[in-house]
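Student: here's a sequence, model it:
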Amino acid sequence: MLLLLCCTGGTAAFFLTGLGGDDSEKADSLAGLGCGPIRPVEVTGKLPRFPEYGDAQIRNAAIIIKVGQDMGVPSRGWVIALATAMQESGLRNLANRGVPASLALQHEGVGADHDSLGLFQQRPGWGTVSERLNPAYTARKFYEKLVKVGSWQRRPLTVVAQRVQISAYPDAYAKHEELASRIVDALSGGASRTVEINGKALCDAAEGGEIAASGWTAPIPGGVGSGFRTASRPRHNGVDIGAAKGTEIRAAAAGRVLVSTCDPDYRGRQDCNVDGFPGKKGCGWFVDLLHAGGYITRYCHMVVRPSVDVGQTVAAGEVIGKVGSSGNSSGPHLHFEVHLRNDRNPSGAVNPVPFMRQRGAPLRTAE
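Tutor: Below is the predicted model of the structure:
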């Protein structure tokens, strides 16, 4: 097999913030979890533990997921619903100070948002006080509105949740997406790694624009040729995926464009509109995207100027450019990187192969 060459050492490195992140996040946070067959969620008995939440809160999460299962909502909807409730109530069944004493035992705390009640902090138009303090009822009402949002499985979680909730802080939902995916996996057998294709939930199959319930997809179909930081290439901070010139490159998850440019050569010339060669500097035409959770993905060696601009918000699976061979490259391929903690430096890079596999969007390897 030809080992495709690329080098991103010449790409300007700096620290960026935005969309939120967690320094404790680990690339292997989902390691060891199986995927399928997806099991029905149990809301009684012993449930998995999460340091972020108590038992009552995880039981509420189980109710939200079970309602989605019973309604036949695809598992991407469970992740969105869970992340929304995490933001709105911290997974607690919140009442307000005006709740009658006869309903006092139905709630787990008092919120501060006027007449909003329950896990999703729904207002009177969503139902009676008693109904809005019923976790199963509120979850059902959320899903009923969710499935009416156009293209909801492809759109950013924040956009979909906002269309349902009409929140004053719509961007706040994004920071819960990663943990919501982990909870869905733990309670249902890896459901966040599935993707809906022709009405069936398939595990580890998100590519070609199909989006896993985790919100991720493989940037291109194709096999990994040159791996992450191998013995022969210890500074190779990503993987090379072979593909024909002109193959469409898709955003691996919803996010915001941080960089969309031509990486200049050693002489400062921006000559990315011609094929590069081994030993030439950098990425050629490339894009960096910032995703919820503080993740950054990088896409190098595009054939022409990327189709997205700095500051633009892109959906998961949206085409951002085309495969080429600009920069340090011996032939058409995509050099793909994943970074943690909003850090574009090499110190922030992790191996994309296990990272993407854990999110149901595996990169093909010879393994």
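Student: neighbours around residue 126, how many?
Tutor: 18 (other Cβ atoms under 10 Å). From N, CA and C alone the C-beta is placed, and that goes for glycine too.
Student: sticking with the residue nearest to it when sequence neighbours are not counted, tell me its helix or strand.
Tutor: Spatial nearest neighbour of residue 126, excluding adjacent residues (Cβ to Cβ, 6 or more residues apart in numbering): residue 141 at 5.4 Å. Assigning secondary structure by DSSP states H and E places residue 141 in helix 135-146.
Student: for that helix, buried residues please.
Tutor: 135, 136, 137, 138, 139, 140, 141, 142, 143, 146 (16 or more other Cβ atoms under 10 Å).
Student: so who does the first one touch?
Tutor: Going back to what we said before, that points to residue 135. Applying Cβ atoms under 8 Å, 6 or more residues apart in numbering, we find residue 135 in contact with 60, 63, 64, 93, 118, 119.
Student: what do you get for the fifth one?
Tutor: When contacts are counted by Cβ under 8 Å, 6+ apart, residue 139 is found next to 63, 64, 67, 68, 81, 85, 119, 120.
Student: pLDDT value on it, please?
Tutor: For residue 139, the pLDDT comes out at 98.
Student: go on, the first one?
Tutor: The per-residue pLDDT reported for residue 135 equals 94.
Student: try the last one
Tutor: In this prediction, residue 146 carries a pLDDT score of 98.
Student: my guess is it contacts residue 78. True?
Tutor: No - with contact defined as Cβ atoms under 8 Å, residue 146 does not reach residue 78; the gap is 10.2 Å.
Student: helix or strand right after the helix or strand that contains residue 224?
Tutor: Using DSSP H and E, residue 224 maps to strand 224-226. Proceeding N to C from strand 224-226, the next assigned helix or strand is strand 239-242, under DSSP H and E.
Student: which strands and helices lie in contact with that following strand?
Tutor: strand 224-226, strand 333-339 (3 or more Cβ pairs under 8 Å, 6 or more residues apart in numbering; DSSP states H and E).
Student: just give me how far that strand sits from the chain centre.
Tutor: Here strand 239-242 is found 21 Å from its chain centre; the criterion is Cα atoms, centre = their mean, to the nearest Å.
Student: ok, it: who's next to it in the sheet?
Tutor: Strand 239-242 has the following strand partners under DSSP bridges: strand 224-226 (antiparallel), strand 333-339 (antiparallel).
Student: give me the buried positions along stretch 298-307.
Tutor: For stretch 298-307, by 16+ other Cβ under 10 Å, it's 298, 299, 300, 301, 302, 303, 306, 307.
Student: ranges for the strands of the stretch 151-300 of the chain?
Tutor: Counting by DSSP state E, counting those that start in this stretch, the stretch 151-300 of the chain has these strands, from start to end: 194-197, 200-203, 224-226, 239-242, 248-250, 255-262, 285-291, 295-302.
Student: now tell me which helix or strand of this structure has the poorest mean pLDDT.
Tutor: strand 109-110 (a mean of 44; mean pLDDT, DSSP states H and E).
Student: for the longest helix seen in the chain, packing partners?
Tutor: In terms of residue count, the longest helix belonging to the chain (DSSP state H) is helix 55-71. Contacting helix 55-71 under the criterion 3+ Cβ pairs under 8 Å, 6+ apart are the following elements: helix 75-89, helix 135-146, helix 177-188.
Student: that one - what's its average pLDDT?
Tutor: 97.
Student: quick check: buried residues in it?
Tutor: Neighbour-count burial for helix 55-71 [16+ other Cβ under 10 Å]: 57-69.
Student: who are the contact partners of the closest residue to residue 68 other than its chain neighbours?
Tutor: Excluding the flanking residues, the one nearest residue 68 by Cβ to Cβ, 6+ apart is residue 78, at 4.5 Å. Taking Cβ under 8 Å, 6+ apart, we find residue 78 in contact with 64, 65, 68, 69, 184, 188, 191, 213.
Student: run through the helices of the stretch 251-367 of the chain in chain order.
Tutor: 352-357 (DSSP state H, counting those that start in this stretch).
Student: where in it is pLDDT low?
Tutor: Counting by pLDDT under 70, the ranges of the stretch 251-367 of the chain that qualify are 266-269, 366-367.
Student: same question for the stretch 51-200 of the chain.
Tutor: 96-114, 168-170.
Student: same thing but at 50, please
Tutor: Within the stretch 51-200 of the chain, the ranges that satisfy pLDDT under 50 run 101-113.
Student: please consider this matter closed, and thank you.
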